[in-house]
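Participant: structure here, sequence nowhere to be found:
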């Protein structure tokens, strides 16, 4: 295990302590690395025979405990990173589940194809992208990642199955956003997006407060493929929710200066600064974040159109900073992301008001619009507004604040993102994901013995069949008490 929460490469069965990208709540497990589908079948059969719980892990970019399995087996999938088939005429690509979006971009952007959906980092595996049904700045136009997956091979306790939205829609969509609990994706076929250049054409403008920001996004986001707003979470009063909006489309060849057209599809992002293993303590605090936010807002143009930016600059700015998750210190951090439906803007306002009043320090607070949901029962996006922010672990008020935000979000018909969660109370899960029973029924069909489990699934009571290395279903009272204790531990210095 590296200091960044990323699973290192190990010989099979080595005992390790793992965390998510937030670097909180470590747990010990046996990590088995696989390099072929047959390796995976062998490890899964062994765990099934010994009645041990299993979960797959990619590059460790889930912020919480979704890719951990205390006392069980975590399968490192990064060895399954080969492109198996590629049709450069149609952009249909089949690859191993351990292939990263970074690798796909480096291989196919120079050939005129881009991934259909990318989150804020390229360092996500295709298997992880399916398990979390990732979304990006284009959800309002294009939906989430699994809408572009045409088929996948799924390893289950009873063998490998080929699944598509047509052949078994219930299992396919239960896997989309199912957090790796319906089986392990072995390989997948994805429809890529045709591009002419590796450059983005970006428009930027400031919004003076939340109302101004929501109005601008509502009126103009449909004109762009990609859209995101950076929010100043510490601004108060008439400035509360002030924002910098950046919207973009893929630049066409004719948009580039003639001198740049010869290498229009060049894509070779690099890592610049590296956060030290032990950064200065207290680096992220209300004073430093307030200063940064003021500078960031003022340096942004009031209005600028047609700026040419690289893909890495627009989509993945934090990937240019090595091990940026260390910036929050040894205790780590919590990323909180939620969505509320259109018409529930007061809930969004209430969350931002509490953040600004409590002086909660988040460098990266981003707002996006979601389009219609896909059919996945546990897929996070629903049509509405999604806000994400980071909070360093430490202040005693963080746990109670996030508990209160959960109530606001659930009361507004919204939900939190399971791929980033590390402390949700289990009794709120069904309110946030009303199709949970439907998902559980499909999961029971494919994994009746409950082989697949994770720290997240136990904590949220997603699965319930007792096995070695997993907890049985707790009572509601016990679950609530345990979660409150966990939230207090996460928030305590």
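Facilitator: Good, I have the coordinates. Model, not experiment: these values are computed from the prediction. Residues are numbered from 1 along each chain as shown.
Participant: thought residue 249 was touching residue 224?
Facilitator: Yes - if you go by Cβ atoms under 8 Å, residue 249 and residue 224 touch, sitting 5.9 Å apart. For every residue, glycine as well, the C-beta is placed using N, CA and C.
Participant: which of the two has more residues huddled nearby?
Facilitator: residue 224 (19 against 15; other Cβ atoms under 10 Å).
Participant: and that one, backbone torsions?
Facilitator: Phi and psi for residue 224, reported as degrees, to the nearest 10, are phi -130, psi 150.
Participant: quick one: what helix or strand has the nearest residue to it once chain neighbours are set aside in it?
Facilitator: In space, residue 224 comes closest to residue 247 once its chain neighbours are excluded; the distance is 3.9 Å by Cβ to Cβ, 6 or more residues apart in numbering. Assigned by DSSP states H and E, residue 247 belongs to strand 243-250.
Participant: which residues outside that strand are in contact with it?
Facilitator: 114, 137, 195-197, 199-207, 210, 212-213, 216-217, 220-221, 223-232, 296-297, 300, 309, 314, 367 (Cβ atoms under 8 Å, 6 or more residues apart in numbering).
Participant: am I right that residue 309 is in contact with residue 198?
Facilitator: No - shown here, residue 309 and residue 198 do not form a contact pair, counting by Cβ under 8 Å, at 10.5 Å.
Participant: neighbour-wise, which of the two wins?
Facilitator: Each of residue 309 and residue 198 has its neighbours counted (other Cβ under 10 Å); residue 198 has more, 23 against 17.
Participant: where's the residue lying closest to that one once chain neighbours are set aside relative to residue 112, distance?
Facilitator: What sits nearest to residue 198 in space, not counting adjacent residues and going by Cβ to Cβ, 6+ apart, is residue 267, at 4.5 Å. Per Cβ to Cβ, to the nearest Å, residue 267 is found 11 Å from residue 112.
Participant: just residue 367 next, same as before
Facilitator: 32 Å.
Participant: strands of the stretch 101-250 of the chain, start to end?
Facilitator: 113-114, 149-156, 159-163, 184-191, 193-194, 199-207, 226-231, 243-250 (DSSP state E, counting those that start in this stretch).
Participant: can I get those in CSV with mean pLDDT?
Facilitator: Shown next, in CSV, are the strands of the stretch 101-250 of the chain (pLDDT from 0 to 100):
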stretch, mean pLDDT
strand 113-114, 98
strand 149-156, 98
strand 159-163, 96
strand 184-191, 98
strand 193-194, 98
strand 199-207, 97
strand 226-231, 96
strand 243-250, 97
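Participant: dump the ones you listed to JSON lines, plus distance to residue 237.
Facilitator: Listed next are the strands of the stretch 101-250 of the chain as JSON lines, based on distance: least, Cβ to Cβ, whole Å:
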{"stretch": "strand 113-114", "distance to residue 237": "41"}
{"stretch": "strand 149-156", "distance to residue 237": "46"}
{"stretch": "strand 159-163", "distance to residue 237": "52"}
{"stretch": "strand 184-191", "distance to residue 237": "46"}
{"stretch": "strand 193-194", "distance to residue 237": "42"}
{"stretch": "strand 199-207", "distance to residue 237": "15"}
{"stretch": "strand 226-231", "distance to residue 237": "15"}
{"stretch": "strand 243-250", "distance to residue 237": "15"}
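Participant: give me phi/psi at residue 416?
Facilitator: Backbone phi and psi, for residue 416 under degrees, to the nearest 10, turn out to be phi -100, psi 160.
Participant: list the contacts for it?
Facilitator: Counted by Cβ under 8 Å, 6+ apart, residue 416 has contacts 336, 337, 338, 406, 409, 424, 432.
Participant: wait, doesn't the fourth one sit right on residue 428?
Facilitator: Same thing as residue 406. Yes - contact criterion Cβ under 8 Å: residue 406 and residue 428 qualify, at 5.6 Å.
Participant: out of those two, which sits in the busier spot?
Facilitator: Between residue 406 and residue 428, counted using other Cβ under 10 Å, the more crowded position is residue 406 (23 against 20).
Participant: hmm, back to that, give the buried residues for the strand holding residue 247.
Facilitator: In terms of neighbour count (16 or more other Cβ atoms under 10 Å), strand 243-250 has its buried residues at 243, 244, 245, 246, 247, 248, 250.
Participant: and the third one, what are its bridge partners?
Facilitator: Beta-bridge pairing of residue 245 under DSSP bridges involves residue 205, residue 229.
Participant: any idea how far residue 221 is from it?
Facilitator: On the measure of Cβ to Cβ, residue 245 and residue 221 end up 9 Å apart.
Participant: which neighbours do the two have in common?
Facilitator: With Cβ under 8 Å, 6+ apart as the test, residue 245 and residue 221 both reach residue 227.
Participant: and residue 367 and residue 112? Which one has more around it.
Facilitator: Legend: neighbour count by other Cβ under 10 Å for residue 367 and residue 112, higher for residue 367 (24 against 17).
Participant: got the contact list for the more buried one?
Facilitator: 213, 217, 228, 229, 231, 243, 385, 386, 387.
Participant: so what's the residue nearest to the third one when sequence neighbours are not counted up against?
Facilitator: If I follow you right, that is residue 228. Distances taken as Cβ to Cβ, 6+ apart put residue 137 closest to residue 228, at 4.7 Å, once the chain neighbours are dropped. Residues near residue 137 by Cβ under 8 Å, 6+ apart: 226, 227, 228, 248, 315, 368.
Participant: relative to residue 46, how far out is the fourth one?
Facilitator: Counting by Cβ to Cβ, the separation of residue 248 from residue 46 is 47 Å.
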